[in-house]
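Asks: Give the three-dimensional model of this entry:
(chains A, B and C)
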Amino acid sequence: MSILLLIEQVLNGLQFGLMLFLMAAGLTLIFGVMGIINLAHGSLYMVGAFAAAGVAGATGSFALGLVAALAAAAMAGAIVEITVIRRLYTRDHLDQVLATFALILIFSEGTRWLFGSFPLFLDVPAALSGAVTLPGGIEYPLYRLAIIVIGLAVAAGLFWLIARTRIGIRIRAGESDREMIAALGVDISRLYTLVFALGAALAGFSGALVGAIQSVQVGMGEPVLILAFVVIVIGGIGSIRGAFVGAILVGLTDTLGRFLLPVLFGFVMDPSAATSVGSALASMLIYILMAAVLLFRPTGLYGRA
Amino acid sequence: MKFRTLLAAASVAALGVAAQAEGVKVGMITTLSGGGAGLGIDVRDGFLLAVKQSGRDDIEVVVEDDQRKPEIAVQLADKLIQSEKVDVMTGIIWSNLAMAVVPAATAQGKFYLSPNAGPSALAGRGCHENYFNVSWQNDAFNEAAGAWTSENGIGKVFLMAPNYPAGKDMIAGFKRFFKGEVTEEVYTKLGQQDYAAEIAQMRASDADLVYYFLPGGMGISFMKQYAGSGADKAVMGPAFSFDQGILGAIGEAALGVKNTAHWSKDLDVPGNAEFVASFQAEYGRLPSLYAAQGFDTGLLVASAASKADVGDADAFRAALKEADFQSVRGAFKFGANNHPIQNIYMREVVKEGDIVTNRVIGTAATDHTDAYVGDCKM
Amino acid sequence: MIRERYLNLAIMLALLAVPLWAWVSDEPFTITLATRVAILALAGVGLNLALGLGGLVSLGHAAFFGLGGYAMGILAHHAQTYTPLMESPFLIEGTKSMPVIWLVAVLVSALAAFAIGLLSLRTTGVYFIMITLAFGQMFYYFTISWPAYGGEDGLSIYVRNGFPGLNTLDPIQFFGLVYGVLALVLVFSATLARSRFGLALAAARQNEERVRTVGLDAFRLRLMAFTISGAITGLAGALMADLNRFVSPTMFSWHMSGEFIVFIILGGVGRLFGPVVGAGLFIILEHILGGLSEFWMIYLGALLLAVVLFARGGLIGAFSGPEVGHD
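Replies: The predicted structure is shown next:
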């Protein structure tokens, strides 16, 4: 094992982390502002990927596919907010879990009904295909570098949105005191629809981006949903900064765990057992990380008590 | 007294029904919803096409959706046996579901015909006279690939599969016939979608070939990421990751990849071209490996039904064992453990017009049989 | 509106009458379905102790369900292969006896629930939901990749385990056994809810301060409730394994935990018989809708959504009116 390979794996971990951040940002935003646990977030991610694959397949343009993903997911989000989520603000988490669990069933089978049961094709755009050589001689896929850049840009954009804009001020006000903001004459239900659509658009956007290098298929949102929840719980639910740190932590832990654990166990047991035990432990590692973080900080790294 | 006459009348009626029933009732449990639905739909469509083409109206098929959950499959098996009273069962796609259903079904005297999946336990010590595998034993494609790799002078191989029993079986199958050196053996998380870490290891490895088994979406994700990574090692695998339903989603990234299978749509054997054309005409898509297996299973049921009455279990079993049908894979017969003896071909992913598909480039194993037949005491 | 007590009695009688009718008319599969309902209801009753009474929304109860299942699977596997479970420091043999298996299942899942509760109960709200989910996922991935007991393939047990004096292979006798267990646990659960412990637990759910001022430790109350709840769900897991004669890692999947919650909400949160109604309705829907269309889960989703949005208090609430307060 060379140092170069280790550095490349750290880069992979960061890249995976930023990918997770894209998925988790919308989820944490929605929870932070509205207090809603949205299990259907993964479905919106899937909607984005399918819209991108459908439009990119028909027009041949990845950029148009991305636009379609944003639009379709935002629209699906707005519809869901107006028809379902709006009735759940005053309910407890239990009702929210069940209602959004039901939405998963509807979205998954509805997508299968529309697009069929076979995975769809979505490729990286020609301009971003292939690999580049980084300083030090690491060959790295251009598209993954693009994901790193986009992930950082989205993070910066969200921080700016929350800290510097009128909408951001309203969002922060809504987080801290719901009655107050209504009293100030802000149309709270329109604000909520907007925030939910924004979170959904983020999910759809990441679905389209990630869909180009992963399988676009029904059910693709569920493993992602669980990962995104792990990320925001580690970071502290509702905190964009927490989601960012949590995502990087999870990305690094998972990637390096998969790579290093079989090697480490190789020092104390025979190779095939080491591979087996190492891989088994690696698949549980992020959940162990999450449990450990919550033991020491019951509301996550940046969560409010 | 009245009660007793009623009972007697009822049993006479029941006997009458049994004497008339010469048709075969088939219970199909397969995956029709969720992420793995494409495979089950292909098996079902292939099977129903064969039954339709046989022209027999005495084969009744009851189809149920297992949602890819073993508990649901067990429950449906109970329903088909206890409530629908089927004679023959088929349809299961996944090894773990087959392990849950098959032993119980055969123990209750039902015939089970596997249109996909062949766990080693059911080929060896757990074999049963009523269990017929019409697809392959899990190791078969991998054994053929291992043999082909050695014969073609490839010495060093990087192996990868998900960390679960089928994955480990596949890797063991490859190693059984491969004589060179395994440089790395990597087990990934089941359902994993991002393979950047593994691809980095592959690039750093000095292996000549990457051999992997990643079914369904996992394989699509890996292949897309591998193609964009700049890695230049040759890639090979069993056909599951390069089948028609999946190639459409991978696209040109898979071009040139070699994979092993017992069937291909361009395989030049009697009946295959007709099958491909009629499947396409009926369903508007190209048949996959799973469709071909479903079709063969349907042909097998029809051939047995024309030779024997399903009420006579011994005769029906013998009729099944004869495998007197024109398989779309060419020569096909059952070995001592009721598993196939068949050729395994090497295919290559090519582009025909706008469609990415497979082409046969050679035979990887001739009249291949499985490694567990010796353990089967039947 | 009907008094909830009479409604409960009617539910219990219906659950008994259906399989008896099926037995008379020789429909063994209906008996199997009813057994399934009773077992899932039992798992739900277990979760309801934590969720309904204690307000602890656990999305990880599949862990206990799976542990109970695997307790049965592992013990019976060793018994049917005639290999001891452990030889040193002392010999432990496998067993095919249900009472022994149940005891082991209850102890193992209670122990696991105690340990998980000890760690998880430091958190509240969404964090609690998610940390229990994380523990469930740990078990799920562990059993998939752990080769000794079949990994993802699971374990098949060829003959149902035995219970003294009964032929458990006979569907109606096995149903009777499960029904008996469910009835006992329901009585236990009702007694617990009315006990000092149950009242204190419910009070802690509504107002933690108030409990503390009378000198009770809310954390201990909840840990106790979570442990008992896990043990009951574990017992249901062992029974489910015996019904299917099969265990697999999907018993640990988060979908399973989600389904338990669905049972409770369908029937009515905190209602003693909520999970029984919920499980029954869920299985009936699955059975009927599954035959209607390939896309039946859309209808299931829409129905669940309708219940959450428009039928608060679940079905029992819809029939018997709002819950009568305990205090």
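
Asks: ok, residue B:187 touching residue A:279?
Replies: Yes - here residue B:187 lies in contact with residue A:279, judged by Cβ atoms under 8 Å, at a distance of 4.1 Å. C-betas here are computed from N, CA, C, even on glycine.

Asks: higher neighbour count, these two?
Replies: Set side by side, residue B:187 and residue A:279 show unequal neighbour counts under other Cβ atoms under 10 Å in any protein chain shown, the larger going to residue B:187 at 26 against 23.

Asks: Tell me if I am right that the more buried one is in a strand.
Replies: Yes - assessed by DSSP: H, G, I helix; E, B strand; the rest coil, residue B:187 belongs to a strand.

Asks: Could you give the bridge partners of it?
Replies: Residue B:187 has the following beta-bridge partners by DSSP bridges: residue B:161.

Asks: Common neighbours of residue B:187 and residue A:279, please.
Replies: By the contact definition Cβ atoms under 8 Å, 6 or more residues apart in numbering or on different chains, residue B:187 and residue A:279 are jointly contacted by A:262, B:163, C:145.

Asks: roughly how far apart are the first one and chain C?
Replies: Which is residue A:262. Counting by Cβ to the nearest Cβ, to the nearest Å, the gap from residue A:262 to chain C is 12 Å.

Asks: want to throw the shared contacts of residue B:187 and residue A:279 into CSV with distance to residue A:24?
Replies: Listed next are the shared contacts of residue B:187 and residue A:279 as CSV, based on distance: Cβ to Cβ, whole Å:
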residue, distance to residue A:24
A:262, 28
B:163, 26
C:145, 26
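
Asks: Which of the residues you listed are buried, as a PyMOL select command?
Replies: Selecting in PyMOL just the buried members of these, where the criterion is 16 or more other Cβ atoms under 10 Å in any protein chain shown, is done with this command:
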select buried, (chain A and resi 262) or (chain B and resi 163) or (chain C and resi 145)
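
Asks: any idea which element residue A:265 lies in?
Replies: Element membership of residue A:265 [criterion: DSSP states H and E] is helix A:240-266.

Asks: oh, I was asking about residue B:157
Replies: Under the criterion of DSSP H and E, residue B:157 resides in strand B:156-162.

Asks: For that strand, name the packing helices and strands.
Replies: helix B:165-177, strand B:181-188, helix B:196-204, strand B:209-212 (3 or more Cβ pairs under 8 Å, 6 or more residues apart in numbering or on different chains; DSSP states H and E).

Asks: tally of neighbours for residue 223?
Replies: Just so you know, I chose chain A. Residues lying near residue A:223 (other Cβ under 10 Å) number 15.

Asks: Chain C was what I was after
Replies: Counted with other Cβ under 10 Å, the neighbours of residue C:223 add up to 19.

Asks: Verify the contact between it and residue C:117 for me.
Replies: Yes - with contact taken as Cβ under 8 Å, residue C:223 and residue C:117 are classed as touching, separated by 4.8 Å.

Asks: Now do the contacts for residue A:272.
Replies: Counting by Cβ under 8 Å, 6+ apart, residue A:272 touches residue B:185.

Asks: I'd like the distance between it and residue B:59.
Replies: From residue A:272 over to residue B:59 the distance is 47 Å, taken as Cβ to Cβ, to the nearest Å.

Asks: repeat for residue B:29
Replies: In this view, residue B:29 and residue B:59 are 17 Å apart by Cβ to Cβ.

Asks: Which one's more surrounded, these two?
Replies: Just comparing residue B:29 and residue B:59: by other Cβ under 10 Å the higher neighbour count belongs to residue B:29, 28 against 20.

Asks: Just confirm residue C:303 contacts residue C:288, I think it does.
Replies: No - in terms of Cβ under 8 Å, residue C:303 does not count as a neighbour of residue C:288; the distance is 11.1 Å.

Asks: quick one, which of the two is more surrounded?
Replies: It is residue C:303, of residue C:303 and residue C:288, that has more neighbours when counted by other Cβ under 10 Å, with 17 against 11.

Asks: Show the pLDDT at the more buried one.
Replies: Residue-level confidence at residue C:303 comes out at 87, pLDDT.

Asks: Would you verify that it is located in a helix?
Replies: Yes - residue assignment for residue C:303, taken from three-state DSSP, places it within a helix.

Asks: SS state for the closest residue to it other than its chain neighbours?
Replies: Nearest residue to residue C:303 in three dimensions, chain neighbours excluded: residue C:285, at 6.7 Å (Cβ to Cβ, 6 or more residues apart in numbering or on different chains). Here residue C:285 is helix, with the state taken from three-state DSSP.

Asks: Residue C:285 - how many residues pack around it?
Replies: 16.

Asks: Just give the number of residues close to the residue of chain B at minimum distance from chain A.
Replies: Relative to chain A, the nearest point of chain B is residue B:230 (3.0 Å; Cβ to the nearest Cβ). Residue crowding around residue B:230 was assessed by other Cβ under 10 Å; the count is 16.
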